[in-house]
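Student: A structural model of the following input is requested.
(one chain, ligands or ions: 1)
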Amino acid sequence: MPNNRLFAGLDYLKALKKHYPLLLKNHPNLFGFVGNWLANEKEVGNDQEPAERFVRPENHTFNSLFNAWSFSIRGSIRWLGASCTYKGLINLKPPFDLVLYSNLIWELQPKTIIEFGSLQGGSSLWFADQQQTLCGGGTVHSFDILNECIHPRAKHPNLHFHEVDLEDLSSLDKKALKSLPHPWLVVDDAHCNLKKLVPYMSSMMKPGDYYIIEDVYVDAPLKVTSDAVALMNKCKLIVDKKYTDAFGTNVTCSPNAWLVKR
Ligand SMILES: C[S@@+](CC[C@H](N)C(=O)[O-])C[C@H]1O[C@@H](n2cnc3c(N)ncnc32)[C@H](O)[C@@H]1O
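Tutor: Numbers count the residues shown, from 1 in each chain. Here you go, the predicted model:
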């Protein structure tokens, strides 16, 4: 990864030590979390070690420290306009996942974001804005069966909606998909036909592309998780723990399912 995209947290610690040594010495408790980081500098943001970071799905749990949705939908639905929206449109992602996606988009620099499940187009618009801000451009293609529900305000020059039935993969335009530039970030939030859709997409993915499977493995029963492992292995998708575990094990709506193509 180019140096200007690496985590720069250590630069803050270096600046503190260089410019404020007396403050650090005289007020060691002043810095809260930063004090812990200073004491464990080797660990701070050290996410580039592949052996630590990327694991086969059977070597990482589907269980979560806590269910990301349980925090996100705990508030009153009266305040949905503050908790589940973007620019006034429905955006159904736990706050944890918004942070994770933002950081992955920065790190991956996807040229193409493919979203399955547009709902109102709020998340699609959020992805398009994030990609524009963090990557300087690119394209978002969002697919849904109920395109009449996409709001007229879900508009962005780089955002394209497509009406498809994901139960019928022939409704996808494979030639058009194949022509989309990589890296890809595939966000699967339609919760349907995974056994066919994931292999279909992964056959077109290149090493380093990401496939995120939202929601279906939250509280997944054992049978489903063993099927999921088989599916992920068949598609050569491995788990990126940097994203599944950033807030604690699987504190995300995509437990064990921030997947990178090998
Ligand atoms: C959970 S919602 C998507 C939420 C949205 N991504 C967000 O974050 O706000 C799931 C979406 O999948 C769509 N969907 C369900 N079955 C589908 C199918 N067979 N083909 C295409 N889309 C489908 C639904 O219409 C719905 O908009």
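
Student: show me where the protein has its helices.
Tutor: Taking DSSP state H, the helices of the chain run over residues 9-19, 21-26, 33-39, 50-53, 68-72, 80-83, 95-108, 122-135, 174-178, 194-202, 222-234, 241-244.

Student: need those in JSON lines (columns: mean pLDDT and mean neighbour count).
Tutor: (Glycine included, C-beta is placed from N, CA and C.) Formatted as JSON lines, these follow (pLDDT from 0 to 100; neighbours: other Cβ atoms under 10 Å):
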{"stretch": "helix 9-19", "mean pLDDT": "96", "mean neighbour count": "12"}
{"stretch": "helix 21-26", "mean pLDDT": "94", "mean neighbour count": "10"}
{"stretch": "helix 33-39", "mean pLDDT": "92", "mean neighbour count": "13"}
{"stretch": "helix 50-53", "mean pLDDT": "88", "mean neighbour count": "10"}
{"stretch": "helix 68-72", "mean pLDDT": "85", "mean neighbour count": "18"}
{"stretch": "helix 80-83", "mean pLDDT": "91", "mean neighbour count": "12"}
{"stretch": "helix 95-108", "mean pLDDT": "97", "mean neighbour count": "19"}
{"stretch": "helix 122-135", "mean pLDDT": "98", "mean neighbour count": "21"}
{"stretch": "helix 174-178", "mean pLDDT": "98", "mean neighbour count": "11"}
{"stretch": "helix 194-202", "mean pLDDT": "98", "mean neighbour count": "17"}
{"stretch": "helix 222-234", "mean pLDDT": "93", "mean neighbour count": "15"}
{"stretch": "helix 241-244", "mean pLDDT": "98", "mean neighbour count": "22"}
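
Student: as JSON lines, the ones you listed with distance to His162 would be great.
Tutor: As requested, these are exported to JSON lines (distance: least, Cβ to Cβ, whole Å):
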{"stretch": "helix 9-19", "distance to His162": "39"}
{"stretch": "helix 21-26", "distance to His162": "55"}
{"stretch": "helix 33-39", "distance to His162": "44"}
{"stretch": "helix 50-53", "distance to His162": "33"}
{"stretch": "helix 68-72", "distance to His162": "27"}
{"stretch": "helix 80-83", "distance to His162": "27"}
{"stretch": "helix 95-108", "distance to His162": "21"}
{"stretch": "helix 122-135", "distance to His162": "11"}
{"stretch": "helix 174-178", "distance to His162": "9"}
{"stretch": "helix 194-202", "distance to His162": "14"}
{"stretch": "helix 222-234", "distance to His162": "24"}
{"stretch": "helix 241-244", "distance to His162": "26"}
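
Student: of all those, which lies closest to the ligand?
Tutor: Proximity to the ligand, assessed across the helices of the chain by Cβ to the nearest ligand atom, is greatest for helix 122-135 (3.3 Å).

Student: so that closest one versus helix 95-108, what angle?
Tutor: Between helix 122-135 and helix 95-108, the angle comes out at 40 degrees (axes from the mean of the first three to the mean of the last three Cα atoms, to 10 degrees).

Student: ok now helix 122-135, how far from the chain's centre?
Tutor: Distance, stretch centre to chain centre, for helix 122-135: 12 Å (Cα atoms, centre = their mean, to the nearest Å).

Student: what do you get for stretch 169-184?
Tutor: 20 Å.

Student: dump the C-alpha coordinates for that stretch into PDB.
Tutor: The C-alpha coordinates for stretch 169-184 follow below in PDB (Å, rounded to 0.1, in the frame of the first residue of the first chain):
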ATOM      1  CA  LEU A 169     -28.700 -15.000 -12.300                       C
ATOM      2  CA  SER A 170     -29.500 -14.700 -16.000                       C
ATOM      3  CA  SER A 171     -31.000 -11.300 -15.200                       C
ATOM      4  CA  LEU A 172     -27.500 -10.100 -14.500                       C
ATOM      5  CA  ASP A 173     -25.400  -8.900 -17.500                       C
ATOM      6  CA  LYS A 174     -22.300 -11.000 -17.200                       C
ATOM      7  CA  LYS A 175     -20.500  -9.300 -20.000                       C
ATOM      8  CA  ALA A 176     -21.000  -5.900 -18.500                       C
ATOM      9  CA  LEU A 177     -20.000  -7.100 -15.100                       C
ATOM     10  CA  LYS A 178     -16.800  -8.600 -16.500                       C
ATOM     11  CA  SER A 179     -15.800  -5.300 -18.000                       C
ATOM     12  CA  LEU A 180     -15.900  -3.400 -14.700                       C
ATOM     13  CA  PRO A 181     -12.400  -2.400 -13.600                       C
ATOM     14  CA  HIS A 182     -10.800  -3.900 -10.500                       C
ATOM     15  CA  PRO A 183     -10.300  -3.700  -7.500                       C
ATOM     16  CA  TRP A 184     -13.900  -4.600  -6.700                       C
END
